[in-house]
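J.: next one to model:
(one chain, ligands or ions: 1)
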Amino acid sequence: MTAIIEARVALVTGAAGGIGRATALAFAKTGARVVVADVNLTGAEETAQLVIQTGGAAIAVRTDVTQAAAVEALIQTTVDHFGRLDYAHNNAGIATDSLSGMVSTAEYSEETFDRIISVNLKGVWLCMKYELPRMVAQGSGAIVNTSSVLGLIGSKGLAAYVASKHGVAGLTKTAALEYAQYGIRVNAVCPGVIDTPMVADILANPKIAKAWVDSQAIRRPGAPAEIANAVVWLCSDAASFVTGHMMAVDGGQMAQ
Ligand SMILES: NC(=O)c1ccc[n+]([C@@H]2O[C@H](COP(=O)([O-])OP(=O)(O)OC[C@H]3O[C@@H](n4cnc5c(N)ncnc54)[C@H](O)[C@@H]3O)[C@@H](O)[C@H]2O)c1
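T.: Sure, this is the predicted structure:
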């Protein structure tokens, strides 16, 4: 595991399970103290307990990333509790409600479109809006936003999700350009199919699961820890010359 200086502070949103929980645990393994944020407080508390059981330090904070006041309070709680903010993984996200929620562009309901954009795109912007000034004040910091391979290519039936994840690419590149002068790096991770609750019903459907998994050169779903390792590396000093990058961690899906 890439070394991160002990006592640094990492914030992970969407950390009640899946990729975010794996990242919280991976940061803790490097010695960083972790703030576990999620709209699902019970899951966030479980993640914080898992960190504490491994000898790490963590707090859980209920946060809805679509609400500016909640995100502002999250950053304030982080600083009040741990004194600083070094790394942020802005990872909270939603897809469609289920496979049956996959409809073509003209058939999307306005409510579903707004909800997906609000969590996946506005949520990432709100997190950066309150993280960046804190990092500027410290003169350092690293942010990793969770995009997707669907932030790099289109996909039938997922217009709002695809648009939100392409939007995350735009936010990431723009913030990278703006904040390099303050010693802050901003990157995104673009997972392929990863075995988490978000895609459970897809992976449980043999026909669809095969098509999705076969689109990856390494023909299996990724594990959450495989994304977490990339996030921790992007935050570490080993990635000191990497900013504005969309890193595919996708079993080779984008190589085609
Ligand atoms: N699993 C995959 O195949 C895959 C692929 C590419 C990208 N991603 C992205 O990875 C990220 C993590 O997803 P995951 O696969 O771990 O799924 P997941 O459903 O396990 O995790 C998403 C987390 O976000 C939280 N969340 C949802 N809305 C929120 C809100 N408004 N405020 C705060 N938290 C909220 C959920 O409670 C959940 O804990 C998402 O951004 C997702 O789009 C996942």
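J.: show me the strands in the chain, by range?
T.: Assigned by DSSP state E, the strands in the chain fall at 9-13, 33-38, 58-62, 87-90, 141-146, 184-191, 246-249.
J.: what is the third one packed up against?
T.: When you say that, I think you mean strand 58-62. If you count contacts as 3 or more CB pairs under 8 Å, 6 or more residues apart in numbering; DSSP states H and E, strand 58-62 packs onto strand 33-38, helix 41-53, helix 68-82. Bear in mind the C-beta positions are built from the backbone N, C-alpha and C, glycine included.
J.: the first one to helix 41-53, inter-axis angle?
T.: The one in question is strand 33-38. For strand 33-38 against helix 41-53, the angle by axes from the mean of the first three to the mean of the last three CA atoms, to 10 degrees is 160 degrees.
J.: anything in strand 33-38 near the ligand?
T.: Yes - using CB under 6 Å from any ligand atom, strand 33-38 reaches the ligand at residue 38.
J.: now that strand: how far from the chain's centre is it?
T.: Computed by CA atoms, centre = their mean, to the nearest Å, the chain-centroid distance of strand 33-38 equals 12 Å.
J.: and it, what does it pack against?
T.: On the basis of 3+ CB pairs under 8 Å, 6+ apart, strand 33-38 makes packing contacts with strand 9-13, helix 18-29, helix 41-53, strand 58-62, helix 68-82.
J.: so which of those is nearest the ligand?
T.: helix 18-29 (2.2 Å; CB to the nearest ligand atom).
J.: contacts for the closest one?
T.: 1, 4, 10, 12-15, 34, 36, 38, 43, 47-48, 50-51, 54, 56-58, 87, 89, 91-92, 146, 191, 194, 196-198, 223-225, 227-229, 231-232, 235 (CB atoms under 8 Å, 6 or more residues apart in numbering).
J.: with only the CA atoms kept, save it in PDB.
T.: C-alpha atoms of helix 18-29 as PDB (Å, rounded to 0.1, in the frame of the first residue of the first chain):
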ATOM      1  CA  GLY A  18     -19.400  -0.500  -1.600                       C
ATOM      2  CA  ILE A  19     -16.400   1.500  -3.000                       C
ATOM      3  CA  GLY A  20     -16.600   4.300  -0.300                       C
ATOM      4  CA  ARG A  21     -16.300   1.800   2.600                       C
ATOM      5  CA  ALA A  22     -13.400   0.100   0.900                       C
ATOM      6  CA  THR A  23     -11.700   3.500   0.400                       C
ATOM      7  CA  ALA A  24     -12.300   4.500   4.100                       C
ATOM      8  CA  LEU A  25     -10.600   1.200   5.100                       C
ATOM      9  CA  ALA A  26      -7.800   1.700   2.600                       C
ATOM     10  CA  PHE A  27      -7.100   5.300   3.900                       C
ATOM     11  CA  ALA A  28      -7.100   4.000   7.500                       C
ATOM     12  CA  LYS A  29      -4.600   1.300   6.600                       C
END
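J.: compute the inter-axis angle for that helix and strand 141-146.
T.: Going by the same axes, to 10 degrees, helix 18-29 makes 150 degrees with strand 141-146.
J.: ok, the residue in the stretch 51-200 of the chain positioned nearest to the ligand - how many residues close by?
T.: In the stretch 51-200 of the chain, the residue that lies nearest the ligand is residue 93 (2.2 Å; CB to the nearest ligand atom). If you count neighbours by other CB atoms under 10 Å, residue 93 ends up with 26.
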